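> Quick one: sequence plus predicted model below, questions after.
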Amino acid sequence: MNDFSVIDGVAHINDPELYGTWLDREDYKAAVAQADTPERTAVKRLLIDFEADLARMVRDDTVQENVADVMKRYIVEDYVQHDPNAPGNGLDNLIEHFRHVPTGNGTPPPVVSVVLEGDLACVMLKEPTPDPTSPGKTYDWYILTVFRVRDGKLAEHWSAFRKMAAPLPQS
C-alpha cells in the first residue's frame, strides 16, 4: 500500500507518518502539484513550495533566521493581505507578522490540494485534530486559504481565520 494517493486532485494520506514528513517528500509535492499543463503545474508547485518552506521554518524553529529570505522568494513587494490578524499590506508587514508565529508544535499540516481559477489559487491543507465531541478520536480539519498569483509570486491573500484577540500579558 502506498502512503498516499491523489484522487480527483486531492491527496489522501494513508500513512499518518506522512503528516510529519510531507514537506521533505519530493514525490508527494510533485503528485499534489500535477496539473493538465506545465504552467498550471508550476503555479501549483509555487504554492506547495511556499507552504512547505513556511512549515519547515516552524518545524525547525528557524523563523527568525529565515523568514525574510523565504518571504522575498515568494511574495511581491506590494502584497495585499486580507487576513484580519495580520498588521497590514506589504512584504515588510508580512515578514513582521510571521516572526510571531508559534513554533515547537510539530510539523504544520500538509497541502492536500491546490485549485486554480485564473490568477487565483485555493490551497487546502488537512490536519487530523482531536474531536471535542468524541474523546480519543480525531476528525479531519481542512484549512482553506486563497492567493492571487502575479508574475510567478504571491500578490494577495485571503484567510478563513477569524480575528483573534491579542493574548493577555502574564502577571
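Right, received. Where do you want to start? Numbers count the residues shown, from 1 in each chain.
> Next one: residue 138 from residue 113, what distance?
As judged by Cβ to Cβ, to the nearest Å, residue 138 and residue 113 stand 20 Å apart. Placement of C-beta: from N, CA and C, glycine included.
> Could you confirm residue 96 falls within a strand?
No - counting by DSSP: H, G, I helix; E, B strand; the rest coil, one finds residue 96 to be helix, located in no strand.
> Which one of residue 138 and residue 113 is surrounded by more residues?
The neighbour count for residue 138 versus residue 113, taken as other Cβ atoms under 10 Å, is higher for residue 113 (19 against 12).
> How about the contacts made by the more buried one?
By Cβ atoms under 8 Å, 6 or more residues apart in numbering, the residues touching residue 113 are 9-11, 32, 123-124.
> So which of those residues belong to strands?
Those of the contacts of residue 113 mapping onto strands are 10-11, 123-124, per DSSP state E.
> ok, those residues vs residue 75, which is closest?
residue 123 (14.4 Å; Cβ to Cβ).
> so that closest one makes contact with residue 142?
No - counting by Cβ atoms under 8 Å, residue 142 is not a contact partner of residue 123; they are 10.7 Å apart.
> So which of the two has more stuff around it?
The neighbour count for residue 123 versus residue 142, taken as other Cβ under 10 Å, is higher for residue 123 (20 against 14).
> What helix or strand is residue 132 located in?
Residue 132 belongs to no helix or strand when assigned by DSSP states H and E.
> Which one of the ones in strands among the contacts of residue 113 is nearest to residue 150?
residue 123 (16.1 Å).
> ok so, going back, write a ChimeraX command that selects only the buried members of the contacts of residue 113.
Per 16 or more other Cβ atoms under 10 Å, the buried members of these correspond to this ChimeraX selection:
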select :11,32,123,124
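> Any chance of the contacts of residue 113 in CSV with distance to residue 150 as columns?
Listed next are the contacts of residue 113 as CSV, based on distance: Cβ to Cβ, whole Å:
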residue, distance to residue 150
9, 23
10, 26
11, 26
32, 22
123, 16
124, 21
